[in-house]
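A.B. asks: Have a look at this prediction, sequence included:
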There are 2 protein chains.
Amino acid sequence: MMKNKYMKLAAEEAAKAARRGEVPVGAVIVDSKTGEVISKGSNRVMEDYDPAAHAEILVIRQAAKAMKSVRLPECDLYVTLEPCPMCAQAISFARIRRLYFAAYDEKGGGVENGAHIFHAKSCHHKPEIYGGIGEKECSAMLKEFFKNKR
Amino acid sequence: MMKNKYMKLAAEEAAKAARRGEVPVGAVIVDSKTGEVISKGSNRVMEDYDPAAHAEILVIRQAAKAMKSVRLPECDLYVTLEPCPMCAQAISFARIRRLYFAAYDEKGGGVENGAHIFHAKSCHHKPEIYGGIGEKECSAMLKEFFKNKR
């Protein structure tokens, strides 16, 4: 049972993606001042024919539009999988305050793995990072999805 | 005078962005088999309130939709500035065949600089890369833009 209510919401989004045949990754953006959920969504790469339609990009885009600002310095992002380099860089551009992620992604991750985006010279904002929040459940969902795909 | 006709087109897109008050970066995607321009566009970060609305992301999204495929292995991408890590990773996801870019970006670039996306463990496709194509003109446009902003 997941304790963090926002990660739980992100996991619900991820489950919706799985039901649509997409890799189950979900994300939520929260206004840290009010606790309000500003945006939520999940991976839509296949259905939108959009290689950039990862959950994080979608919720950032949605939140920035809602707040009429390309910078979201008071917002926190919850996502069920370690962001890839594309999403990590978008998180940096959006000036997200805190990044919470569930499962680690050794193969495609760009935060604690691979390109280590937030430690690169090209990165001008690094959020506070909390990995492994709700890891067990979110990781299980991904494993189950790929098992059924094979 | 720029020799490469596709980079010239990308530069024209960049000039449009400048006129809209956006950082002048333009991009074009070309079908390498036919020479047909599949998509073209420029930076729309500010006007769309979208931190991910870089020229490369926009043309990839547009081309993938047009070709009804998230992978574009026969397509080449021309862009007036070295892609940032976000865009470089999107280029990798889209399986772009060749990347041509004009100006180098020491501060924010993620191809020959910073995160060196295509050399990271998280990168599973690396395009052929040609930097410095039309560099002088595209670089001058960016410098002019930022000079006027100050």
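C.D. replies: Now that the structure is in, tell me what you want to look at. Residues are numbered from 1 along each chain as shown, chains lettered A, B, ... in the order given.

A.B. asks: Would you mind listing what in chain A touches chain B?
C.D. replies: Contact residues, chain A versus chain B (C-beta under 8 Å from any C-beta of the partner chain): A:45-46, A:48-52, A:57, A:60-61, A:64-65, A:67-71, A:84-90, A:93-94, A:107-110, A:113-117, A:120-124. Yep, even glycine has a C-beta here, placed from its N, CA and C like the rest.

A.B. asks: are any of these buried, and which?
C.D. replies: Buried subset of the residues of chain A next to chain B (neighbour count, 16 or more other C-beta atoms under 10 Å in any protein chain shown): A:45, A:48-52, A:57, A:60-61, A:64, A:67, A:70, A:84-90, A:93-94, A:108-110, A:113-117, A:120, A:122-123.

A.B. asks: Mind checking which of the residues of chain A next to chain B are in helices?
C.D. replies: A:57, A:60-61, A:64-65, A:67, A:85-90, A:93 (DSSP state H).

A.B. asks: how about a markdown table for those, with distance to A:Tyr78 and pLDDT added?
C.D. replies: Converted to a markdown table, those look like this (distance: C-beta to C-beta, whole Å; pLDDT from 0 to 100):
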| residue | distance to A:Tyr78 | pLDDT |
| --- | --- | --- |
| A:Ile57 | 15 | 98 |
| A:Ile60 | 12 | 98 |
| A:Arg61 | 16 | 98 |
| A:Ala64 | 17 | 98 |
| A:Lys65 | 19 | 97 |
| A:Met67 | 17 | 96 |
| A:Pro85 | 19 | 97 |
| A:Met86 | 18 | 98 |
| A:Cys87 | 13 | 98 |
| A:Ala88 | 15 | 98 |
| A:Gln89 | 18 | 98 |
| A:Ala90 | 15 | 98 |
| A:Phe93 | 18 | 98 |
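
A.B. asks: right, and the pair among the residues you listed with maximum separation?
C.D. replies: A:Met67 and A:Pro85 (24.8 Å; C-beta to C-beta).

A.B. asks: In chain A, where is pLDDT below threshold?
C.D. replies: A:1 (pLDDT under 70).

A.B. asks: switch the cut-off to 90
C.D. replies: Along chain A, segments meeting pLDDT under 90 span A:1-3, A:121-122, A:148-150.

A.B. asks: and of the ones in helices among the residues of chain A next to chain B, the nearest to A:Val25?
C.D. replies: A:Cys87 (9.4 Å).

A.B. asks: Look up how far A:Lys136 lies from the closest one.
C.D. replies: Using C-beta to C-beta, to the nearest Å, A:Cys87 is found at 22 Å from A:Lys136.

A.B. asks: what does A:Phe146 give?
C.D. replies: 16 Å.

A.B. asks: try A:Asn4
C.D. replies: Noted for A:Asn4: a distance of 12 Å to A:Lys136, by C-beta to C-beta.
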